[in-house]
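K.L.:
Mind folding the following:
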Amino acid sequence: MEKQTKIKTASKIALFGASIIWGSSFLVVKSSMDSMQPHTLLAIRFTIGSLLLCAIFYKRLKLLNKDYLISGGILGAFLFIAYSIQTIGIIGTTPGKNAFLTAIYCVIVPYLYWIVNKKKPDKYNIIAAILCLTGIGFVSLNSDLRIQYGDAFSLISGFFYAAHMVAISKLAKDRDPVLLTIVQFIYTAIISWVVTLLFEDLPKTFSPNAIGELLYLAIFATAIALLLQNIGQKYTKPAQASIILSLEAVFGVIFSVIFFKEEISPKLFIGFLFIFIAILTSETKWSFLKKMLSFL
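P.N.:
Numbering: from 1, shown residues only. Next up is the predicted model:
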């Protein structure tokens, strides 16, 4: 029992660490777009991440089989689509808005579980969806009720991140999370290279800043953070994992305000607040408030 408690605690710490790293990555990705195109960034980022994990965990590669290739391929496809759309989206919006709009995956997850597990969303999930839509309106809609393409892409990427989370919960059972992470990284890197070579131009040179940004994204925001997510999710309930990982949006705004000098208008703040309350409602069902009230 004590060992299981330690494992669960360590898993939550791993997820929390991933959320901090990802929160900082929005700012780095935004900066990287000045020197390279989206899929070029993803191709290099996931190639380095894959090679790094293969070098560290090379002994586990002997466990690779057809089952891992299929499962990893599915996860890799979702991961590529989510990152591709999000990276394109951040070009047309701020790091803070990109972070919060992407975080709506926490609200979407219960509805995708409904499709997969035939379990209907409860009243909290419905309330969360209404709150989330309200928040999206405050964050994304301008005076003529139009949404910028960067915000729209950020929202769409949130759907595919939700699909990736549901897929992990279904496919990670009884499988090595490290090996599964490596396989999906390799798939994501391969697809990114194909898109890059077909539709983008490779940079002729890389500045020292660009190299530093690529290494940070590859080592920390790709290899380490996604590894922490896969390990953490394996031993944490999906709802709890979602709420911890959703904090990346909060950290994203904090880093964006400090380093990108993003201005948070009252309208934007209200939108962020609605979205965050929606995430809390969907994932915690306000159980912590019920516990607090029970002690009063």
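K.L.:
count of residues packed around residue 110?
P.N.:
Close neighbours of residue 110, defined as other Cβ atoms under 10 Å, add up to 24. (C-beta placed from N, C-alpha, C; glycine too.)
K.L.:
Show me what the helix or strand it falls within is packed against.
P.N.:
Element membership for residue 110 (DSSP states H and E) is helix 105-117. In terms of contacts (3 or more Cβ pairs under 8 Å, 6 or more residues apart in numbering; DSSP states H and E), helix 105-117 is packed against helix 123-140, helix 149-171, helix 238-245, helix 266-284.
K.L.:
closest one to residue 45 among those helices?
P.N.:
helix 149-171 (15.6 Å; Cβ to Cβ).
K.L.:
Give the buried residues for the closest one.
P.N.:
150-169, 171 (16 or more other Cβ atoms under 10 Å).
K.L.:
With stretch 10-20 instead?
P.N.:
So stretch 10-20, judged by 16+ other Cβ under 10 Å, has buried residues 11-12, 14-15, 17-20.
K.L.:
Same list (those residues) but as a markdown table, adding pLDDT.
P.N.:
Below are the buried residues of stretch 10-20 laid out as a markdown table (pLDDT from 0 to 100):
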| residue | pLDDT |
| --- | --- |
| 11 | 88 |
| 12 | 86 |
| 14 | 91 |
| 15 | 91 |
| 17 | 93 |
| 18 | 92 |
| 19 | 91 |
| 20 | 93 |
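K.L.:
and which of these is nearest to residue 208?
P.N.:
Nearest to residue 208 out of those is residue 20 (Cβ to Cβ; 24.9 Å).
K.L.:
Quick check: closest non-adjacent residue to the closest one.
P.N.:
Excluding the flanking residues, the one nearest residue 20 by Cβ to Cβ, 6 or more residues apart in numbering is residue 251, at 5.5 Å.
K.L.:
and if you look at residue 75?
P.N.:
With Cβ to Cβ, 6+ apart, the residue lying closest to residue 75 is residue 184, at 4.0 Å.
K.L.:
name the element the one you found belongs to?
P.N.:
Assigned by DSSP H and E, residue 184 falls in helix 177-199.
K.L.:
quick check: mean pLDDT across that helix?
P.N.:
In this model, helix 177-199 has an average pLDDT of 94.
K.L.:
what do you get for stretch 211-226?
P.N.:
Mean predicted confidence for stretch 211-226 is 91.
K.L.:
start to end distance for it?
P.N.:
The first residue of stretch 211-226 is 21 Å away from its last residue (Cα to Cα, to the nearest Å).
K.L.:
how far is that stretch from where the chain is centred?
P.N.:
14 Å (Cα atoms, centre = their mean, to the nearest Å).
K.L.:
where in this protein is pLDDT low?
P.N.:
1, 143-145, 238-239, 242, 287-296 (pLDDT under 70).
K.L.:
Name the surrounding residues that touch the helix holding residue 184.
P.N.:
37, 39-40, 42-43, 46-47, 49-50, 53-54, 57, 60-61, 63-64, 68-69, 71-73, 75-77, 79-80, 83-84, 171-172, 202, 222-223, 226-227, 230-231, 233-234 (Cβ atoms under 8 Å, 6 or more residues apart in numbering).
K.L.:
Likewise for stretch 57-66?
P.N.:
54, 176, 178-179, 182-183.
K.L.:
Count the residues that sit near the residue nearest to residue 153 when sequence neighbours are not counted.
P.N.:
The shortest distance from residue 153 to any non-neighbouring residue, by Cβ to Cβ, 6+ apart, is to residue 89 (2.9 Å). Neighbours of residue 89 under the rule other Cβ under 10 Å: 25.
K.L.:
Send me the helix holding residue 110 as CSV with only the CA atoms.
P.N.:
Provided in CSV are the C-alpha atoms of helix 105-117 (Å, rounded to 0.1, in the frame of the first residue of the first chain):
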residue,chain,number,x,y,z
TYR,A,105,-8.6,19.4,-24.3
CYS,A,106,-9.3,18.9,-20.6
VAL,A,107,-13.0,19.8,-21.2
ILE,A,108,-13.1,17.7,-24.4
VAL,A,109,-11.7,14.5,-22.9
PRO,A,110,-14.9,13.4,-21.2
TYR,A,111,-16.9,13.7,-24.4
LEU,A,112,-14.3,11.6,-26.3
TYR,A,113,-14.5,9.0,-23.5
TRP,A,114,-18.2,9.0,-24.1
ILE,A,115,-17.6,7.8,-27.6
VAL,A,116,-14.9,5.2,-26.6
ASN,A,117,-16.3,3.9,-23.3
